[in-house]
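> Take this sequence and fold it.
(one chain, ligands or ions: 1)
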Amino acid sequence: MASKNVKQEIHVLLVAFSSQGHMNPMLRLGKYLLTKGLHVTLATTEIARHRMLKSSAISPTSNSVSGVQLLFFSDGLSLEYDRKANLDYYMECVGKFGSINLSNLIKEHYPVNGQKRLSYIVNNPFVPWVVDVANEHGVPCALLWIQPCSVHAIYYRFYNKLNPFPTLIDPEMSVQLPGLPLLLTEDLPSFVLPSNPFGSIPKLFSDVFQNMKKYTRILGNSFYELEKDAINSMSDLCPFLPIGPLVPTSILGEEEEEEGQDTGVEMWKAENSCIEWLNKQEPSSVIYVSFGSLVVLAAKQMQSIATALRNARRPFIWVVKQPDTPRPDGSGQLPTGFLEETKDQGLVLSWSPQTKVLANVALGCFITHCGWNSVLETIVAGFPVIAYPQWTDQPTIAKLIVDVFGKGLRLRENKDGVVSEQEIEHCIREVMDGPRSEQLKSNAMAFKREAAVAVASGGSSAWNIQLFVDEIIAS
Ligand SMILES: O=c1ccn([C@@H]2O[C@H](COP(=O)(O)OP(=O)(O)O[C@H]3O[C@H](CO)[C@@H](O)[C@H](O)[C@H]3O)[C@@H](O)[C@H]2O)c(=O)[nH]1
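Residues are numbered from 1 along each chain as shown. Okay, the predicted model is just below:
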């Protein structure tokens, strides 16, 4: 009883960049910490609050999700400012104003001589300045790395100049790093390549990876059995503590939470009626296509996906998220007539309840941009994927899917930079019922079982979370 009272006085502050794919793993970590009796608050920028109110993920009077308290601070920009179109300036403002405003928030909510003592801060890599704010307040800070450990291992070696990376300008180059398969240019995270147009991200990562020592722990949204070679390869350099997969409890096969409280936030309103439609489809028959929250595909690419889906003559769900501002070049738009031609075959949604879709037995395969949350969700759900990576960590994740996890195929672009309809149709056939289908499905099922073991009591991730909780309590 005495130890429970001690735990109840321990407050942990999680700080995340405001996108859905960044906040959700943090919230799921927060939920684990809550179950251990800690008090947990998640802080992010005001723009997230604005989007969550719009999608009804929170109400104007609520200040918590799944028991995790929410706090918001300003990034110094107006809510209307087009952050996506000005990424470099946006990142600069988040760092400059976010650090001042977060520091003030900490002073206000955890006053030095007050009742609430802030014991620990956890931030994600896209708000790296948080570790300095934590130091300023004398609070230990851990990093939650929200991409694969393999990507962490590449960046760590690249930004600390530990391994000879050949001239990255050479399109024929390859790099062999410990614990990883041979990586070609097409397999590397786009931010290390000279073609990367966003100056702010390499600068941000360079700071993060040269300053890993500021953190007490590097936690990771992965699990040991999934990336053991990469995780082992980092043990002497910068130990990585995998505590994932941080996915909703419903897809993990644990108890369902209340509607809308599945340990996550929804920045866009999901079209839940698709579940009823899915329930009417044959098992393992449906192709699910989604490219996450950020990617907008070129008009030609939309055309070839549309043709491939129509020709595949299988049921499908395609998430086509409308860009915030319509593009005059037609990117992100469905070809004319597609909806009418396929109305008896499939559904096009502007946003899906993805984790519920992936948990449905009707799902056969997922054509994905390889966002790490989506890929972890398919690992837990246990079916194969078709990888069409676009940027950032996605090329490396596609490489892992094909060559390390052995649970999917990668779409190849033609010389015009487009994946043809024939290529998409071919991969769909291969994954659904081609000669390699059984092996891909069996590998996918094996990782599903391993993921379930990792998070269950006594499993590798459950063990690591307890280790971290013990460190927080002892701090
Ligand atoms: O219709 C949809 C589509 C997606 N999702 C959810 O949205 C999240 C998307 O996350 P992710 O798959 O990681 O994609 P992004 O939002 O694109 O994620 C960004 O952040 C990830 C973590 O850093 C990186 O791995 C990606 O490359 C980067 O694009 C997932 O949880 C999905 O379940 C839905 O609920 N409905």
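> Could you use CA atoms for every contact and neighbour count after this?
Will do.
> Kindly indicate whether Gly21 is helix, strand or coil.
Classification of Gly21 using DSSP: H, G, I helix; E, B strand; the rest coil returns helix.
> Distance-wise, check the closest residue to Gly30 other than its chain neighbours relative to His369.
Take Gly30 and drop its neighbours on the chain: the residue closest to it by CA to CA, 6 or more residues apart in numbering is Val40, 6.0 Å away. Distance from Val40 to His369, counting by CA to CA, to the nearest Å: 32 Å.
> could you point out where the stretch 251-400 of the chain is predicted with low confidence?
For the stretch 251-400 of the chain, the stretches with pLDDT under 70 are 253-264, 324.
> Show me what from it comes close to the ligand.
Within the stretch 251-400 of the chain, the positions adjacent to the ligand are 290, 292-294, 319, 351-355, 371-374, 392-394 by CA under 6 Å from any ligand atom.
> can we see that at 8 Å?
Contact residues, the stretch 251-400 of the chain versus the ligand (CA under 8 Å from any ligand atom): 266, 270, 290-295, 319-321, 349-355, 369-375, 377, 391-394.
> Find the helix or strand that the most centrally placed residue in the chain is a member of.
In the chain, the centroid-proximal residue (CA atoms, centre = their mean) is Asn373; its distance is 3.4 Å. Using DSSP states H and E, Asn373 sits within helix 372-381.
> Now the element after that helix, going C-ward?
Helix 372-381 is succeeded, C-terminally, by strand 385-387 (DSSP H and E).
> That next one pairs with which strands?
Strand 385-387 sits in its sheet next to strand 363-368 (parallel), strand 408-410 (parallel), going by DSSP bridges.
> can you tell me which of those comes nearest to Val65?
With CA to CA, the closest approach to Val65 among these belongs to strand 363-368: 27.3 Å.
> Same question for the closest one: list its buried residues.
Leu363, Gly364, Cys365, Phe366, Ile367, Thr368 (16 or more other CA atoms under 10 Å).
> thinking again about what came up before, in helices, which of the residues of the stretch 251-400 of the chain next to the ligand appear?
Gln354, Thr355, Trp372, Asn373, Ser374, Val375, Glu377, Gln394 (DSSP state H).
> Counting neighbours, what do you get for the fifth one?
Ser374: 21 surrounding residues under other CA atoms under 10 Å.
> where does the stretch 51-200 of the chain have low pLDDT?
Judged by pLDDT under 70, the stretches of the stretch 51-200 of the chain that qualify are 167-169.
> change it to 80
Flagging of the stretch 51-200 of the chain using pLDDT under 80 yields the residue ranges 55-57, 60-62, 114, 163-172, 199.
> quick one, helices of it?
87-109, 130-136, 149-159, 200-210 (DSSP state H, counting those that start in this stretch).
> sorry, back to before: got TSV for the ones in helices among the residues of the stretch 251-400 of the chain next to the ligand, with distance to Gly337 too?
Shown next, in TSV, are these (distance: CA to CA, whole Å):
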residue	distance to Gly337
Gln354	26
Thr355	29
Trp372	33
Asn373	32
Ser374	29
Val375	31
Glu377	32
Gln394	31
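> For the residues you listed, which single residue is the most surrounded?
Counting neighbours by other CA under 10 Å, the top entry in these is Gln394, with 26 neighbours.
> Excluding residues flanking it in the chain, which one is nearest that one?
Gln394 sits nearest to Cys370 (CA to CA, 6+ apart), 5.1 Å away.
> just Asp207 next, same as before
Pro128 (7.9 Å).
> burial of that neighbour, as a residue count?
Neighbours of Pro128 (other CA under 10 Å): 22.
> just to revisit the earlier point, how close does the residue lying closest to the residue nearest to the centre of the chain once chain neighbours are set aside sit to Asn221?
Distances taken as CA to CA, 6+ apart put Gly21 closest to Asn373, at 6.5 Å, once the chain neighbours are dropped. As for Gly21, its distance to Asn221 is 12 Å (criterion: CA to CA).
> Likewise for Asp187?
20 Å.
> quick one, strands of the stretch 1-150 of the chain?
Here the stretch 1-150 of the chain has its strands, by DSSP state E, counting those that start in this stretch, at 10-15, 39-45, 64-65, 68-73, 117-123, 141-145.
> how about CSV for these, with distance to the ligand and mean neighbour count added?
Listed next are these as CSV, based on distance: least, CA to the nearest ligand atom, whole Å; neighbours: other CA atoms under 10 Å:
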stretch, distance to the ligand, mean neighbour count
strand 10-15, 14, 24
strand 39-45, 15, 23
strand 64-65, 16, 18
strand 68-73, 18, 20
strand 117-123, 13, 22
strand 141-145, 8, 25
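> and those as TSV, adding distance to Glu276?
Listed next are these as TSV, based on distance: least, CA to CA, whole Å:
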stretch	distance to Glu276
strand 10-15	36
strand 39-45	34
strand 64-65	26
strand 68-73	31
strand 117-123	38
strand 141-145	36
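> looking at those, which is closest to Ile231?
strand 141-145 (12.6 Å).
> and the closest one, what other elements does it pack with?
Where contact means 3 or more CA pairs under 8 Å, 6 or more residues apart in numbering; DSSP states H and E, strand 141-145 is packed against strand 117-123, helix 130-136, strand 217-220.
> Sheet partners, orientation included, of the shortest one?
Take DSSP bridges as the rule and strand 217-220 pairs in its sheet with strand 141-145 (parallel), strand 241-242 (parallel).
> and what of the first one?
Here the strand partners of strand 117-123, with direction, are listed using DSSP bridges: strand 10-15 (parallel), strand 141-145 (parallel).
> got a list of contacts for that strand?
9-16, 110-111, 130-131, 134, 139-144, 472, 475 (CA atoms under 8 Å, 6 or more residues apart in numbering).
> Apply 7 Å and report the result again.
Outside of strand 117-123, the residues within contact range by CA atoms under 7 Å, 6 or more residues apart in numbering are 10-16, 110, 130, 134, 139-144, 472, 475.
> can you check the second one too?
Contact with helix 130-136 is made by Ser99, Ser103, Ile121, Asn123, Pro140, Cys141, as judged by CA under 7 Å, 6+ apart.
> what do you get for stretch 391-406?
151, 186-191, 369-371, 387, 389, 407-410, 440, 443.
> Of those residues, just the buried ones, PyMOL syntax please.
Remark: buried members of these, expressed as a PyMOL selection using 16+ other CA under 10 Å:
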select buried, resi 151+186+187+188+189+190+191+369+370+371+387+389+407+408+409+410+440+443
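> where's the nearest residue to Gly330 once chain neighbours are set aside relative to the ligand, distance?
Of all residues not flanking Gly330 in the chain, Ala299 sits nearest, at 5.3 Å (CA to CA, 6+ apart). Using CA to the nearest ligand atom, to the nearest Å, one obtains 19 Å as the distance from Ala299 to the ligand.
> Spit out the contact partners of Ala299.
By CA under 7 Å, 6+ apart, the neighbours of Ala299 are Gly330, Ser331, Gly332, Gln333.
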